[in-house]
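> Provide a 3D model corresponding to the input given below.
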Amino acid sequence: MTTKLTVYGASWCPDVKRSRALLDGTGVEYDYIDVEADAAAEARVRELQDGARRIPTIVWPDGTHLVEPSDDELTAHLNR
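Residues are numbered from 1 along each chain as shown. Modelled structure (predicted):
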């Protein structure tokens, strides 16, 4: 089991860039997976979202996840 967050995204997405910048700025370690380069990652995102593919999708080690979180939502989940 991983102890890091997993961020599913794509390099062109401004929301992915914003969420990654927040994580980087707070020193949170995470694995980044590009859903456009990894078919299994895209399938995992679609599984979590009942067929949708909205990014970023951020998955915690306990299995909880956020989809397209605002900075406030992401910060709140990090601090829980």
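> Run through the chain and note the low-pLDDT ranges.
Along the chain, the parts satisfying pLDDT under 70 run over 1-2.
> Which residue lies nearest the spatial centre of it?
Central residue of the chain (CA atoms, centre = their mean): Ile58, 2.3 Å from the mean position.
> could you show me where the strands are in this structure, in order?
For the chain, the strands defined by DSSP state E occupy 5-9, 30-34, 57-59, 65-67.
> The last one pairs with which strands, and in what direction?
Under the criterion DSSP bridges, strand 65-67 sits next to strand 57-59 (antiparallel) in its sheet.
> Run through the helices of the chain in chain order.
Ranges of helices in the chain, per DSSP state H, are 14-26, 39-48, 71-78.
> Go through the first one and flag the buried ones.
Applying a neighbour-count criterion of 16 or more other CB atoms under 10 Å, one finds Asp15, Val16, Ser19, Arg20, Leu22, Leu23 buried in helix 14-26. For every residue, glycine as well, the C-beta is placed using N, CA and C.
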